[in-house]
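Colleague: Quick one, structure for this:
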Amino acid sequence: MTIHRFDGEHFWLSNFYESPVVLGGITFSTAEHAFQAAKCKYAEDVTRIHAARTPGEAKGIGRKVTMRDDWEQVKYHVMVSVIRAKFEVPELADKLLSTGDQELVEGNTWGDRTWGRVAGKGNNWLGEILMERRELLRQERA
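Modeller: Predicted coordinates for the structure are as follows:
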């Protein structure tokens, strides 16, 4: 079985889901806020993203910031750290484990073939990272 989208009953898998994420000693209200802040070269941009009222607003600000010089090399590993931090919340860790062996696919209609899939095509890096986190949680609890 596959979870094809991170909305509806599976919205908690989305980076837009409201759940605290601590990254770099800062507590962000969503994984999206944390990820967007991590790409920033300048502290004032991190502050603006941190203060964003919604994850959509954080993403919008993140599209306009000066990115750190190594962003393309580190963005995958940053997302791994963000997802690890998100699923340190015990209730979310339990929910992730409850997905069993289902494939997790961040299906979307906005054209993101890096972190998700569009019409079945794409890297689905977010889904892969979530499944990897799920396996590590299993091992930790064994």
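Colleague: Dihedrals phi and psi, Val22?
Modeller: For Val22, the backbone dihedrals are phi -100, psi 120 (criterion: degrees, to the nearest 10).
Colleague: Then Ser29?
Modeller: phi -80, psi -20.
Colleague: Count the residues that sit near it.
Modeller: Using other C-beta atoms under 10 Å, the number of residues around Ser29 comes to 18. Bear in mind the C-beta positions are built from the backbone N, C-alpha and C, glycine included.
Colleague: Could you report the distance from the nearest residue to it once chain neighbours are set aside to Trp71?
Modeller: In space, and not counting its chain neighbours, Ser29 is closest to Glu18: 5.9 Å by C-beta to C-beta, 6 or more residues apart in numbering. Applying C-beta to C-beta, to the nearest Å, the value for Glu18 to Trp71 is 25 Å.
Colleague: Contacts for stretch 4-17, please.
Modeller: Stretch 4-17 is contacted by residues 3, 19, 30-32, 35, 55-56, 82, 86, 92, 95-96, 104-108, 126, 130 when judged by C-beta atoms under 8 Å, 6 or more residues apart in numbering.
Colleague: List the contacts of Leu137.
Modeller: Residues in contact with Leu137 (C-beta under 8 Å, 6+ apart) are Phe87, Ala93, Leu96, Leu97.
Colleague: Next: Met1.
Modeller: Met1 neighbours (C-beta under 8 Å, 6+ apart): Gln102, Glu103.
Colleague: Tell me the bridge partners for Thr27.
Modeller: Val22 (DSSP bridges).
Colleague: Tell me how many other residues crowd it.
Modeller: Counted by other C-beta under 10 Å, the residues lying close to Thr27 total 12.
Colleague: and what of Val78?
Modeller: Counted with other C-beta under 10 Å, the neighbours of Val78 add up to 17.
Colleague: same thing with the one 5 residues further on?
Modeller: A count of nearby residues for Ile83, using other C-beta under 10 Å, gives 23.
Colleague: How about Arg48?
Modeller: 19.
Colleague: Okay, strands next: where are they in the protein?
Modeller: Taking DSSP state E as the test, the strands found in the chain are 2-3, 18-23, 26-30, 103-104.
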